[in-house]
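K.L.:
After the sequence you'll find the predicted model.
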Amino acid sequence: MEIKTVNLLREWFRHYYNRYGEGLAPPNAEMREFAHIPFTTEDHTLMSRHQTLKKDEIARFLAEKSPRHVYYSTAYYKTPGAPTMEGKTWLGADLTFDLDADHLEVPCKKEHDRWRCPKCNKTGWGKKPGRCPTCGNPGLEENTWICDKCLGLVANETTRIIEEFLIPDFGFSKNEIAVNFSGRRGYHIHIYNKAVRQLDQRARREIVDYITARGLEPKLHGIPPIPGSHGPLETDPGWRGRLASCAKGELEKELARHGLKPSDDLWRRISEGYWDQFKGWGEKKWRDIAVRGSSLRSGKTDEPVTTDIKRLIRLPNSLHGGSGFKVCPVRDPTEFDPLKDSLVFPMSKTVEIKIFEHAPPIRIADDTYGPYSPGEELELPLGAAIFYLCNEVAEVVSGV
Ligand SMILES: [Zn+2]
Ligand SMILES: [Zn+2]
C-alpha cells in the first residue's frame, strides 16, 4: 500500500471513529484482550496484541490509532493485558461461530476469486489449489472477492444455524444471540450466555460436531428402521427429525421418479414412524439417505473459531480494513444488505484511484462497479473507492 493510500484510509477511518467510536465496547470490556493491525506501507504487518482497554477508553484509542483492523478476545481474563497467555488467567469465553464464504461451496468463487504463484507467476480462477500446477510451489497467494451471491448464501446459512440448531436444539434464546456482518465475507454469531462461558475446547468441539453432523450415527436415530418397531418421526427434535424428514423427501422423489404417489395409508403409517411399511429400500439405501441428509442439513461453520477458547474476533461496529465496511450488528441476515447497510463512507465525495490488480464487478449500494483491469484510472465515489483501496487492488491518485 502506497503512503498516499495509507494516509487517505487512515484519515477516513479516524473520521469514522471520532464520530461513532463511543459505544464500541463489547460486554465486559475490561476483562477482554484487545488487538489491532495498523495501516502501513509494508506488505506484512504485525498485530499488536495483549492490550487492555476500559469501556470509556475504546473510542479515544480507536480515534488516535485509527487501525486497519480491531479485535477483542471472546475470552474473559483476570489480567487481559498480561504479555503471555498463561499470565492472563482464563476465566471463560463466549461461544462464537464464524460463517464465511470460504466454508461454503459457493459457485461464484470461480467467477471472482483468483490465485497466483509468487514463484512462477501462474494465475488461476477459483479456490487456490494445494500446490502450483506449474512449479509445485505450495505457497500460493489468494485474492478473494465478494458478491451478492456468496453473501446471500452465507446469510441463509447463518440464519439456518440459529433457527435449526442454536434455538431449537441448544435452547438459546434470541436475546442472547448476537449476529454481526464480519465486514467482508460472512457473519459472526456470538452467544452471551453464562452457561457456555466455562465450556472447554472439547465441549465446544462437541457442539461443532453436532451442528456439522460429524460422527453422526444414524443407527442411534433409528436408521435403518428396525422392522416392527417405531422409527424416527419428522417432528422428532434434533437430528432424528432431520433424518426422518430427509428420508421422507427421498421417498417422495423416488416414487415420483416411477410415476407413483404414496397411498394415503402408507404416508400416514410412515408419518407415524412405521417405516417398515415401505419395503423398497435395503440397508445401503438407508445409509446413503443418512449420509446425504446429514450433509444437506448440517451447518457449515468454521470449526477453529468455535473451539478456540482464546480467539480474537472483530470488534462489532469497527471497520474491516479489507473492505472499509462496518462490522455491522444484524437483526436478520436474510433481510440485511451487507453491500449497502454496512457502508459508512459518503458516496457524495469522489476519489481518483488507479487499479493495479484485476477487480471483478461488485455492487456497492445501488450501483455496480467494474470489472476493472490493471492500469485503469477511475474517479469513484468515496465509499466505493475505499472498498478497492482496502482490497489492495488500487492505489490513490488524488482525492479527498
Ligand atoms: Zn508456480
Ligand atoms: Zn460471490
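P.N.:
Happy to help now that I have it. Ligands and ions are numbered 1, 2, ... in the order given.

K.L.:
Could you list the paired strands of the helix or strand hosting residue 190 along with their orientation?
P.N.:
According to DSSP states H and E, residue 190 maps onto strand 186-191. Here strand 186-191 is paired, per DSSP bridges, with strand 95-100 (antiparallel), strand 177-181 (antiparallel).

K.L.:
Please list the outside residues in contact with the last one.
P.N.:
Spelled out, it's strand 177-181. 158, 162, 166-167, 187-192, 314, 316, 325-331, 333, 336, 338, 341-342 (CB atoms under 8 Å, 6 or more residues apart in numbering). Placement of C-beta: from N, CA and C, glycine included.

K.L.:
What residues sit buried inside that strand?
P.N.:
177, 178, 179, 180, 181 (16 or more other CB atoms under 10 Å).

K.L.:
Also stretch 122-134?
P.N.:
Result for stretch 122-134 [16+ other CB under 10 Å]: buried residues 124, 128, 132.

K.L.:
ok, now stretch 81-88?
P.N.:
residue 88.

K.L.:
one step back: turn the strands paired with strand 186-191 into TSV, columns for distance to ligand 2.
P.N.:
Putting the strands paired with strand 186-191 into TSV (distance: least, CB to the ion, whole Å) gives the following:
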stretch	distance to ligand 2
strand 95-100	12
strand 177-181	15
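
K.L.:
Can you lay out those as CSV showing mean pLDDT?
P.N.:
Shown next, in CSV, are the strands paired with strand 186-191 (pLDDT from 0 to 100):
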stretch, mean pLDDT
strand 95-100, 96
strand 177-181, 97
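
K.L.:
And those strands: which comes nearest residue 204?
P.N.:
strand 95-100 (6.8 Å; CB to CB).

K.L.:
Give me the neighbour count for residue 31.
P.N.:
Using other CB atoms under 10 Å, residue 31 has 18 other residues around it.

K.L.:
err, residue 79, not the other one
P.N.:
13.

K.L.:
wait, it sits on residue 90?
P.N.:
No: using CB atoms under 8 Å, residue 79 is not in contact with residue 90, being 10.3 Å away.

K.L.:
rewinding a little: nearest to ligand 1 among the buried residues of strand 177-181?
P.N.:
Set against ligand 1, the nearest of the buried residues of strand 177-181 by CB to the ion is residue 181 (35.0 Å).

K.L.:
partners of the closest one in the sheet?
P.N.:
Where residue 181 sits in a bridge, its partners, by DSSP bridges, are residue 187.

K.L.:
Next, find the distance separating it from residue 77.
P.N.:
27 Å (CB to CB, to the nearest Å).

K.L.:
And residue 14, by the same measure?
P.N.:
29 Å.

K.L.:
of the two, who's got more company?
P.N.:
residue 77 (22 against 17).

K.L.:
ok, now which ones touch the residue nearest to that one when sequence neighbours are not counted?
P.N.:
By the measure of CB to CB, 6 or more residues apart in numbering, the closest residue to residue 77 outside its immediate chain neighbours is residue 88, 4.0 Å from it. Counting by CB under 8 Å, 6+ apart, residue 88 makes contact with 33, 75, 77, 78, 79, 80, 81, 82.

K.L.:
So for residue 88, what's the pLDDT?
P.N.:
pLDDT, residue 88: 97.

K.L.:
which phi and psi does it have?
P.N.:
The phi/psi pair for residue 88 (degrees, to the nearest 10) reads phi -80, psi -30.

K.L.:
Buried by neighbour count: which residues of stretch 84-102 qualify?
P.N.:
88, 90, 92-102.

K.L.:
tell me which of those is nearest to ligand 1?
P.N.:
residue 102 (22.0 Å).

K.L.:
Just to check, the closest one is in contact with residue 145?
P.N.:
No: Residue 102 is beyond contact range of residue 145, at 11.9 Å (criterion: CB under 8 Å).

K.L.:
Quick check: closest non-adjacent residue to residue 216.
P.N.:
residue 294 is the one closest to residue 216 (CB to CB, 6+ apart), at 5.0 Å.

K.L.:
residues in contact with the one you found?
P.N.:
213, 216, 218, 239, 242, 243.

K.L.:
wait, is residue 313 part of a strand?
P.N.:
Yes: assessed with DSSP: H, G, I helix; E, B strand; the rest coil, residue 313 lies in a strand.

K.L.:
my read: it touches residue 70, true?
P.N.:
No: using CB under 8 Å, residue 313 is not in contact with residue 70; the gap is 10.2 Å.

K.L.:
So which residues make contact with the helix or strand where residue 388 lies?
P.N.:
Using DSSP H and E, residue 388 sits within helix 382-390. Helix 382-390 is contacted by residues 1, 5, 8-9, 12, 320-325, 343-351, 353, 355, 359, 362, 364-365, 367, 369, 372, 380, 394-396, 399-400 when judged by CB under 8 Å, 6+ apart.
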